[in-house]
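Asks: Just the structure for this:
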Amino acid sequence: QVQLVESGGGLVQPGGSLRLSCAASGTIFSINTVGWFRQAPGKQRELVAVISTGGTTTYADSVKGRFTISRDNAKNTVYLQMNSLKPEDTAVYYCNAVVLRTSGSYSPFNSWGQGTQVTVSS
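Replies: Residues are numbered from 1 along each chain as shown. Down below sits the predicted model:
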């Protein structure tokens with residue numbers, strides 16, 4: 001298992017921006033599709049953005065047009081730029097390498113990091 005370390009979260013007002021980073025201890029990101037997930041209190045963890053090894057991105061409808069996922073394979077790091085933040089974006093954000101299932105859904109396969117808390121509030 002590769003260690004994942006998320007950072008960049010914090011408290012921001014509605015309409016503000018944050019940039020999250022996720023660093024991997026190994027090269028897992030350079031050879032796999034990577035996703036950003038989030039988990040709000042009392043809710044299941046959900047996938048919000050995915051980036052393939054070739055740079056193709058996919059977003060959940062709830063963040064489309066506001067969030068941008070990117071990757072730097074040389075640094076084994078994936079980023080999530082979050083703009084126009086809303087209170088409903090409040091959650092702990094995690095990253096993970098993922099695999100595309102035959103069902104069409106993405107499943108994480110590495111152990112989780114500690115996540116980074118994002119709180120959107122005035």
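Asks: what's next to the helix or strand of the chain with the lowest mean pLDDT, contact-wise?
Replies: The element with the least model confidence among the helices and strands of the chain, by mean pLDDT, DSSP states H and E, is strand 106-108, at a mean of 92. When contacts are defined by Cβ atoms under 8 Å, 6 or more residues apart in numbering, strand 106-108 is touched by residues 33, 35, 37, 47, 50, 96-101. Placement of C-beta: from N, CA and C, glycine included.
Asks: what does the helix or strand immediately after that strand in the chain contact?
Replies: Next helix or strand after strand 106-108 toward the C-terminus (DSSP states H and E): strand 116-120. By Cβ under 8 Å, 6+ apart, the residues outside strand 116-120 that reach it are 6-14, 16, 18, 20, 38, 82, 85-93.
Asks: rewinding a little: and the least confident helix or strand of the chain, how far out from the chain's middle?
Replies: On the basis of Cα atoms, centre = their mean, to the nearest Å, the separation between the geometric centre of strand 106-108 and that of its chain is 12 Å.
Asks: Buried ones among the contacts of strand 106-108?
Replies: Among the contacts of strand 106-108, those classed as buried by 16 or more other Cβ atoms under 10 Å are 33, 35, 37, 47, 50, 96-98.
Asks: So which of these belong to strands?
Replies: Counting by DSSP state E, the part of the buried ones among the contacts of strand 106-108 found in strands is 33, 35, 37, 47, 50, 96-98.
Asks: and of those, the nearest to Lys75?
Replies: Within the set of those, Ala97 lies nearest Lys75; the separation is 15.4 Å, counting by Cβ to Cβ.
Asks: which residues does the residue lying closest to the closest one once chain neighbours are set aside contact?
Replies: Nearest-residue entry for Ala97: Asn32, 4.1 Å, with adjacent residues in sequence omitted and distances by Cβ to Cβ, 6 or more residues apart in numbering. Counting by Cβ under 8 Å, 6+ apart, Asn32 makes contact with 53, 97-99.
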